[in-house]
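A.B. asks: Structure here, sequence nowhere to be found:
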């Protein structure tokens, strides 16, 4: 016969794993939404500029996104997943 404490510990572990999985999925969904926001910002800024400046505006948006991605990789990932990554 299984002790009740063992069964209770298993349920808690499964619950924590499901919570970590849900948090990870939400972070990925939010990251995808941010990527689409960058495309929207590019369209907005291109709409406000002259045709001759479109390349510069798009390059600025891509550079902004690239720098933000590198900073997230360097620091943000540890903040988002520091306690879960063991």
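C.D. replies: Perfect, thanks for sending it. Computed from a predicted model, the values in this text were never measured in an experiment.
A.B. asks: Select the longest helix from this structure.
C.D. replies: helix 4-47 (DSSP state H).
A.B. asks: What helices and strands are in contact with the helix or strand that that one is followed by?
C.D. replies: Note on helix 4-47: by DSSP states H and E, the next helix or strand toward the C-terminus is helix 54-71. With contacts defined as 3 or more Cβ pairs under 8 Å, 6 or more residues apart in numbering; DSSP states H and E, helix 54-71 has these neighbours: helix 4-47. The C-beta positions use only the backbone N, C-alpha and C, and glycine is treated the same way.
A.B. asks: Neighbours of residue 45, how many?
C.D. replies: When neighbours are counted by other Cβ atoms under 10 Å, residue 45 registers 16.
A.B. asks: go on, residue 36?
C.D. replies: 9.
A.B. asks: For residue 62, see how far away it is.
C.D. replies: Applying Cβ to Cβ, to the nearest Å, the value for residue 36 to residue 62 is 14 Å.
A.B. asks: next one: residue 82
C.D. replies: 29 Å.
A.B. asks: And residue 23, by the same measure?
C.D. replies: From residue 23 to residue 62 the distance is 29 Å (Cβ to Cβ).
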